[in-house]
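*Asks:* coords please:
(one chain, ligands or ions: 1)
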Amino acid sequence: MLIGAVELMMKHRSLFCLYALVTLYGHKGVLSQAPSYGERGSDLGIQVFQQVVRSKPLENVVLSPHGVASILGMLLPGAHGETRKQVLNGLRYKKNGPYRMLKKLHKTLTAKSKQDVVLIANAMFSQEGFPMEEAFVSTNKANFQCESRDLDFSNPNVAADEINEWVNNKTKGHIPSLIKADMLDSALTRLVAVNAIYFKGLWKSRFQPENTKMRAFKGGNGNVYNVPMMSQLSVFSIGIATTPQGLKYKVIDLPYHGNTISMVIVVPYEEDTPLSRVIPHISTATVQSWSKLMHMRKVHLLIPKFTADAEVCLEAPLSALGITDMFSQDKADFRHLSAEPVHVSKALQKAKVVVNEDGTKASAATTAILLARSSSPWVTVDRPFLFLIRHNPTGTILFMGQINQP
Ligand SMILES: *[C@@H]1O[C@H](CO)[C@@H](O)[C@H](O)[C@H]1NC(C)=O
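*Replies:* Model (predicted):
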């Protein structure tokens with residue numbers, strides 16, 4: 001699950017600017033060759049992830065690259081001048097191109113497919129009486145199915161409850177709470193933009209809970225931990241890739257039921273190669289290049305069961321990537337969002353990923369699988385690894401994480 005929130009606050013000085021609105025639908029969407037819009041947005045998110053793990057090389061980190069792109073995509077139609085340019089550059093979107101594609105992407109991701117569940121909920125909660133531009137509201141409604149609601153932030157407790165209840169409703173109870181009252185400023189908060197993603201996928205090939213055993217995992221800090229390792233003998237798409245520095249790493253693709261979404265696991269090949277040497281090399285282009293190196297193989301796969309959650313402040317990583325003005329009281333230019341000058345005071349993302357056997361309905365009939373004699377090789381993920389949850393048709397990275405200790 002992922003939650004992103006951006007809070008806009010009034011600037012202290014008040015300027016009233018009335019400018020003509022940019023025509024957001026004026027041009028034909030630039031149909032891209034590669035990379036797709038999903039990939040571009042994910043690329044910025046991957047860069048944000050890399051910024052974050054650089055400062056936390058030994059921790060577990062989870063982030064939604066798509067969530068980062070979504071929250072910026074929601075703010076984009078309100079931005080002008082340098083503020084807008086920085087976001088467009090970060091997302092690598094062309095001036096008027098992204099909206100149609102974003103809309104399509106959002107539709108594809110949330111389409112009712114068999115067993116995978118992707119719930120995405122977007123909303124803007126604005127202070128009652130805050131003069132929001134009509135075009136900004138309607139653009140976000142069209143592109144992100146983004147709801148707009150009035151709230152009274154002068155009572156932060158009530159406002160926070162209302163936002164949390166909305167998210168809880170929209171995510172069918174999977175994300176019960178998003179913000180705390182102390183994140184809101186009773187006098188200055190004008191708008192809270194929310195993007196929540198919940199993903200639940202059933203493995204195409206499930207792990208049998210009976211085969212989960214405690215096994216050794218050598219953590220990022222060098223200590224050895226006993227952790228529950230799931231295992232199965234099955235056919236997986238597996239490959240070995242190499243960084244430009246010549247470091248080898250294994251790539252394992254674990255498809256979810258329905259085949260449109262996969263979890264891709266990346267683990268250094270040599271035990272003494274730290275994960276941090278491989279991560280800087282990951283981009284949507286590298287992810288795409290793996291498909292040429294992957295082959296279907298029957299293996300005994302062992303991977304840890306894990307739960308990871310993290311809250312990431314986006315301001316520092318986005319600033320490091322050149323998206324700075326929106327956070328500046330003096331420089332932020334959201335004139336197409338409101339005539340009242342505002343800036344982004346907080347941008348954070350909360351993500352949680354639970355990986356388990358997903359075998360609640362697994363029958364005893366197949367439990368013998370691991371006991372079958374076979375010469376299949378063992379593939380064991382028993383040291384720090386990276387995972388990517390990828391929507392394959394669009395190349396969108398929904399979630400990405402670094403696991404140092406399951
Ligand atoms: C959440 O759902 C309940 C029941 O459908 C409804 O009464 C309530 O108004 C909803 N809350 C929000 C904030 O949308």
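
*Asks:* touching, Arg92 and Arg40? I think so.
*Replies:* Yes. Using C-beta atoms under 8 Å, Arg92 is in contact with Arg40, at 4.8 Å. Backbone N, C-alpha and C define where each C-beta goes, glycine included.

*Asks:* tell me which of the two has more neighbours.
*Replies:* Comparing Arg92 with Arg40 by neighbour count (other C-beta atoms under 10 Å), the higher total belongs to Arg40, at 24 against 14.

*Asks:* quick check: which element contains that one?
*Replies:* helix 37-55 (DSSP states H and E).

*Asks:* buried ones in that helix, by neighbour count?
*Replies:* Neighbour-count burial for helix 37-55, counted by 16 or more other C-beta atoms under 10 Å, picks out 37-53.

*Asks:* tell me how many other residues surround Val61.
*Replies:* 21.

*Asks:* neighbours around the closest residue to it other than its chain neighbours, how many?
*Replies:* Leaving aside its sequence neighbours, Val61 sits nearest to Gln402 (C-beta to C-beta, 6 or more residues apart in numbering; 4.8 Å). Other residues lying near Gln402 total 27 when counted by other C-beta under 10 Å.

*Asks:* what about Gln402, which SS state?
*Replies:* strand (DSSP: H, G, I helix; E, B strand; the rest coil).

*Asks:* looking at it, it is touching Leu388, isn't it?
*Replies:* No. Gln402 lies out of contact with Leu388 (C-beta under 8 Å); the separation is 10.6 Å.

*Asks:* element containing whichever residue of the stretch 251-400 of the chain sits closest to the ligand?
*Replies:* Closest contact between the stretch 251-400 of the chain and the ligand, by C-beta to the nearest ligand atom, is at Lys350 (18.8 Å). Using DSSP H and E, Lys350 sits in strand 342-355.

*Asks:* angle of that strand against helix 37-55?
*Replies:* 90 degrees (axes from the mean of the first three to the mean of the last three C-alpha atoms, to 10 degrees).

*Asks:* so what are the sheet partners of the helix or strand just after strand 342-355 and their directions?
*Replies:* Next helix or strand after strand 342-355 toward the C-terminus (DSSP H and E): strand 378-380. Here strand 378-380 is paired, per DSSP bridges, with strand 295-304 (parallel).

*Asks:* could you dump the next helix or strand along the chain from the partner strand to CSV, C-alpha only?
*Replies:* Counting by DSSP H and E, the element after strand 295-304 in chain order, helix or strand, is strand 306-313. What follows is strand 306-313, C-alpha atoms only, in CSV (Å, rounded to 0.1, in the frame of the first residue of the first chain):
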residue,chain,number,x,y,z
PHE,A,306,8.7,-10.2,4.3
THR,A,307,6.8,-7.1,5.3
ALA,A,308,8.3,-3.8,4.7
ASP,A,309,6.9,-0.3,5.2
ALA,A,310,8.5,3.1,5.1
GLU,A,311,7.6,6.7,5.2
VAL,A,312,9.6,8.8,2.8
CYS,A,313,9.8,12.6,2.8
